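A.B. asks: What follows is a predicted protein model with its sequence.
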Amino acid sequence: MTITPRLVATYPIPDRDGGARTLLDPSGPVPRLHVRSAESLRIYELREQAEPAAEFPAPTPDRWTREWVAPDLSFAVFGTTTEYRAVAPDGRTLWKQPYGAWEVGRWGYLDFSTADASPTGGTEEELRIWLRLPSGLPDRTLILTLDTEGTELARSMLPCGGYGQFVSLLRDGNGEIIGVTVSDGQGPDTRYEARWECGGIVLGRQQSPQDRDGQPASGRDHLGTDSRRTRCMTVDRRGRDVSWHSLPTYQVTASLALSDFPAPGTGDCSVHNDPYISCPSGFVDDDTALVALYNPYDEAAVYVFGEERWRQHSHWLADPATGALHGRIEYPMPEVDNVTPLGDGTWITQEWDAYHRWRR
């Protein structure tokens, strides 16, 4: 059941010895690598090689904990200790939105969308920024809508969420707002109907599990959608199974449970003692899915008692149409860990000093 993948590209991590940190962004047509150092945020497009695409000077002297990069690379928004700050590639500050001592690294939210900028309904589009600010109320969420110059277009106070809650907007295939998700990061999320109306977000009724036709069930995380937008993939939050759903109804068409893998400690699951299915899983292409198994990580055993019980893992390919396993991926190097399926027939794994791109 083993599959030997073909290595198609290697992307060395720049300035790794200098303490640079990296983030892989697979959301665009070309995957991007964010490289963070004390001086700047550098963006590379991952093609046959890692090609420099943009660089944004760090918002000194403030340390930043999160960043969001505009799709056209015209600016980056840094979440510093006190504010959102939009920075151009030449280092100019384009706009700021202060939030005081709020923990943006944990509760912050920022998203981009496009809006029709032509009064005649042409193809010209303008970028919109949606960001969350502290509302000052325990059960309210404040979402600002800005243009690229930082001009406030709308201020929406939503009667949901609040401090200590993760809040995000849900959109349809055309980018239109259709809902709001609220979660404490532990239990099932809460979803509300929502729409853009009269220059603001209007919150509708809370949805019950029985109302969620056309949405994945509560207690499951979305792992991705195929290129035809006819099928999506979800995982049970306890890692017990993955399912594939037809769109737009979200009817389950295939599933793969832990019991469908070899027994822990045997065969291709010999590295596992109590595996669970992890969220790095997703579509390699429309006809192939990647499923990642991990062992629970016992930090106390490793750091306190010195046991070599690191988080063992394995990567598997499966058929999203039937849920059948193709086999376990056997890499030529031993330390492959984080994995990101790209949807174009390839996936990227990370080692300490490089990213590797693979194809079956």
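C.D. replies: Now that the structure is in, tell me what you want to look at.

A.B. asks: how about the helices in the protein?
C.D. replies: 104-107, 299-303 (DSSP state H).

A.B. asks: and those, which one is worst for confidence?
C.D. replies: Comparing mean pLDDT across these, the weakest is helix 299-303, with a mean of 61.

A.B. asks: which intervals of this structure have sub-threshold pLDDT?
C.D. replies: 61-62, 116-124, 186-187, 208-218, 297-311, 335 (pLDDT under 70).

A.B. asks: could you redo the last one with a cut-off of 80?
C.D. replies: The model of the chain has pLDDT under 80 over residues 1, 15-20, 60-64, 115-125, 173-175, 184-189, 208-219, 297-312, 334-337.

A.B. asks: The stretch 201-350 of the chain: strands as residue ranges?
C.D. replies: 220-225, 231-236, 241-246, 251-257, 276-285, 288-294, 313-318, 325-329, 339-341, 346-350 (DSSP state E, counting those that start in this stretch).

A.B. asks: Let's have those strands in JSON lines, adding distance to residue 158.
C.D. replies: For glycine as for every other residue, the C-beta is placed from the backbone atoms N, C-alpha and C. Formatted as JSON lines, these follow (distance: least, C-beta to C-beta, whole Å):
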{"stretch": "strand 220-225", "distance to residue 158": "21"}
{"stretch": "strand 231-236", "distance to residue 158": "25"}
{"stretch": "strand 241-246", "distance to residue 158": "28"}
{"stretch": "strand 251-257", "distance to residue 158": "30"}
{"stretch": "strand 276-285", "distance to residue 158": "26"}
{"stretch": "strand 288-294", "distance to residue 158": "34"}
{"stretch": "strand 313-318", "distance to residue 158": "38"}
{"stretch": "strand 325-329", "distance to residue 158": "43"}
{"stretch": "strand 339-341", "distance to residue 158": "32"}
{"stretch": "strand 346-350", "distance to residue 158": "36"}
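
A.B. asks: mind putting those strands in a markdown table, mean neighbour count and distance to residue 264 included?
C.D. replies: Converted to a markdown table, the strands of the stretch 201-350 of the chain look like this (neighbours: other C-beta atoms under 10 Å; distance: least, C-beta to C-beta, whole Å):
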| stretch | mean neighbour count | distance to residue 264 |
| --- | --- | --- |
| strand 220-225 | 18 | 23 |
| strand 231-236 | 22 | 17 |
| strand 241-246 | 22 | 16 |
| strand 251-257 | 16 | 13 |
| strand 276-285 | 20 | 11 |
| strand 288-294 | 23 | 9 |
| strand 313-318 | 22 | 11 |
| strand 325-329 | 17 | 13 |
| strand 339-341 | 22 | 20 |
| strand 346-350 | 21 | 23 |
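
A.B. asks: For residue 8, which of those is the nearest?
C.D. replies: strand 346-350 (6.4 Å; C-beta to C-beta).

A.B. asks: Can you give the strand pairings for the closest one, parallel or anti for each?
C.D. replies: strand 339-341 (antiparallel), strand 354-359 (antiparallel) (DSSP bridges).

A.B. asks: Just put the ones you listed in TSV and tack on distance to residue 179.
C.D. replies: Formatted as TSV, those follow (distance: least, C-beta to C-beta, whole Å):
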stretch	distance to residue 179
strand 339-341	26
strand 354-359	34
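
A.B. asks: closest to residue 46 out of the ones you listed?
C.D. replies: strand 354-359 (7.0 Å).

A.B. asks: got the buried residues for stretch 131-139?
C.D. replies: 131, 132, 133, 134, 135 (16 or more other C-beta atoms under 10 Å).

A.B. asks: Take those residues and keep only those in strands.
C.D. replies: 131, 132, 133 (DSSP state E).

A.B. asks: Please produce JSON lines containing those residues, extended by distance to residue 236.
C.D. replies: Shown next, in JSON lines, are those (distance: C-beta to C-beta, whole Å):
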{"residue": "131", "distance to residue 236": "31"}
{"residue": "132", "distance to residue 236": "28"}
{"residue": "133", "distance to residue 236": "33"}
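
A.B. asks: Considering these, which is situated nearest to residue 279?
C.D. replies: residue 132 (22.2 Å).

A.B. asks: And the residue lying closest to the closest one once chain neighbours are set aside, its phi and psi?
C.D. replies: Sequence neighbours aside, residue 109 is the residue nearest to residue 132 in space, at 3.9 Å (criterion: C-beta to C-beta, 6 or more residues apart in numbering). Note on residue 109: its backbone torsions stand at phi -150, psi 130 [degrees, to the nearest 10].

A.B. asks: i'd like the first residue to be 28 from this point on
C.D. replies: Sure, I'll start numbering at 28, so the last one becomes residue 136.

A.B. asks: So what's the residue count around residue 48?
C.D. replies: Residues within reach of residue 48, counting by other C-beta atoms under 10 Å, total 11.

A.B. asks: contacting residues around it?
C.D. replies: Residue 48 sits next to 62, 63, 64 when contact means C-beta atoms under 8 Å, 6 or more residues apart in numbering.
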